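Engineer: Structure here, sequence nowhere to be found:
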């Protein structure tokens with residue numbers, strides 16, 4: 001049963017917080033659709049920018065969006081050009097003005113969504129999936145994680161029949177709600193078809209910290225933001 005429920009959803013209120021925070025009386029359909037439009041625009045514009053999550057806060061008429069990423073310089077762009085264009089696109093999509101903050105993820109190898117994206121990017125470059133998954137798990141464990149699991153499914157290696165394979169190291173408890181599990185999902189678009197990538201990272205209790213506290217909020221006008229070198233640590 002633990003494999004059929006989203007690890008983030010069942011831990012809300014235990015060691016996870018809502019990624020959309022707002023309150024409205026009556027129907028909430030309009031607010032939910034606003035959130036959907038905001039996330040679609042960010043996914044379309046930023047793409048492979050190693051985004052962990054997008055937090056949305058609404059208070060009265062103000063909408064504050066916090067993008068948690070391992071590459072804040074790529075999200076902000078040269079002199080804030082990229083994030084200014086993103087703000088305009090979101091405003092046009094929902095018809096409201098928004099404020100965008102960028103939070104840096106200090107330890108990307110302990111973040112499930114970022115790990116899944118890095119695996120997907122390497123699969124799109126035609127790298128062997130076994131070597132990619134094993135090296136990724138090795139990097140995750142070297143960062144101090146208690147366990148890691150990576151699963152890929154699809155036409156692996158260009159085979160005619162789709163299948164799934166998974167690689168695991170350490171302890172990854174999916175049914176213990178008190179454990180902090182960082183889950184991520186991404187897609188790799190290859191010439192043979194789409195390959196799905198799922199990742200689970202078991203983080204130590206001492207490493208459980210909200211993204212805004214572990215990350216550094218970078219101002220839009222800050223031109224000194226640099227792009228951390230995030231990639232494979234070891235060669236195969």
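Structural biologist: Happy to help now that I have it. Just so you know, these numbers come straight off a predicted model, no measurement behind them.
Engineer: C-alpha from now on. contacts and neighbour counts both.
Structural biologist: Will do.
Engineer: Verify the stated contact: residue 66 with residue 56.
Structural biologist: Yes. With contact defined as C-alpha atoms under 8 Å, residue 66 reaches residue 56; the gap is 6.5 Å.
Engineer: quick one, phi/psi of residue 199?
Structural biologist: Backbone torsions for residue 199, taken as degrees, to the nearest 10, come to phi -130, psi 140.
Engineer: bridging residues for it?
Structural biologist: residue 150, residue 184 (DSSP bridges).
Engineer: show me what contacts it?
Structural biologist: 112-113, 115-116, 148-151, 182-185 (C-alpha atoms under 8 Å, 6 or more residues apart in numbering).
Engineer: Please enumerate the strands of this protein.
Structural biologist: Applying DSSP state E to the chain gives strands spanning 20-21, 51-59, 62-69, 98-104, 147-154, 163-170, 180-190, 193-203, 217-218.
Engineer: Among these, which comes closest to residue 45?
Structural biologist: strand 51-59 (11.8 Å; C-alpha to C-alpha).
Engineer: circling back to that earlier point, between the contacts of residue 199, which sits nearest residue 172?
Structural biologist: Of these, the one sitting nearest to residue 172 (C-alpha to C-alpha) turns out to be residue 148, at 6.3 Å.
Engineer: Now that closest one: closest residue in space, sequence neighbours ignored.
Structural biologist: residue 201 (4.5 Å; C-alpha to C-alpha, 6 or more residues apart in numbering).
Engineer: ok, now residue 16?
Structural biologist: Closest to residue 16 by C-alpha to C-alpha, 6+ apart is residue 8, at 6.9 Å.
Engineer: what's the neighbour count on the one you found?
Structural biologist: 17 (other C-alpha atoms under 10 Å).
Engineer: these two touch, right, it and residue 182?
Structural biologist: Yes. With contact defined as C-alpha under 8 Å, residue 8 reaches residue 182; the gap is 7.4 Å.
Engineer: returning to what we had before: can I get the strands of the chain in JSON lines with mean pLDDT and distance to residue 75?
Structural biologist: Shown next, in JSON lines, are these (pLDDT from 0 to 100; distance: least, C-alpha to C-alpha, whole Å):
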{"stretch": "strand 20-21", "mean pLDDT": "92", "distance to residue 75": "20"}
{"stretch": "strand 51-59", "mean pLDDT": "92", "distance to residue 75": "9"}
{"stretch": "strand 62-69", "mean pLDDT": "93", "distance to residue 75": "8"}
{"stretch": "strand 98-104", "mean pLDDT": "92", "distance to residue 75": "8"}
{"stretch": "strand 147-154", "mean pLDDT": "95", "distance to residue 75": "26"}
{"stretch": "strand 163-170", "mean pLDDT": "94", "distance to residue 75": "31"}
{"stretch": "strand 180-190", "mean pLDDT": "92", "distance to residue 75": "19"}
{"stretch": "strand 193-203", "mean pLDDT": "94", "distance to residue 75": "23"}
{"stretch": "strand 217-218", "mean pLDDT": "44", "distance to residue 75": "10"}
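Engineer: residues of stretch 163-180 that come out buried?
Structural biologist: Within stretch 163-180, the residues scored as buried using 16 or more other C-alpha atoms under 10 Å are 168-169, 172-174, 177, 179-180.
Engineer: Show me how far stretch 184-199 is from its chain's centre.
Structural biologist: Centroid displacement of stretch 184-199 relative to its chain, using C-alpha atoms, centre = their mean, to the nearest Å, is 14 Å.
Engineer: swap in stretch 177-194?
Structural biologist: The answer for stretch 177-194 is 9 Å, by C-alpha atoms, centre = their mean.
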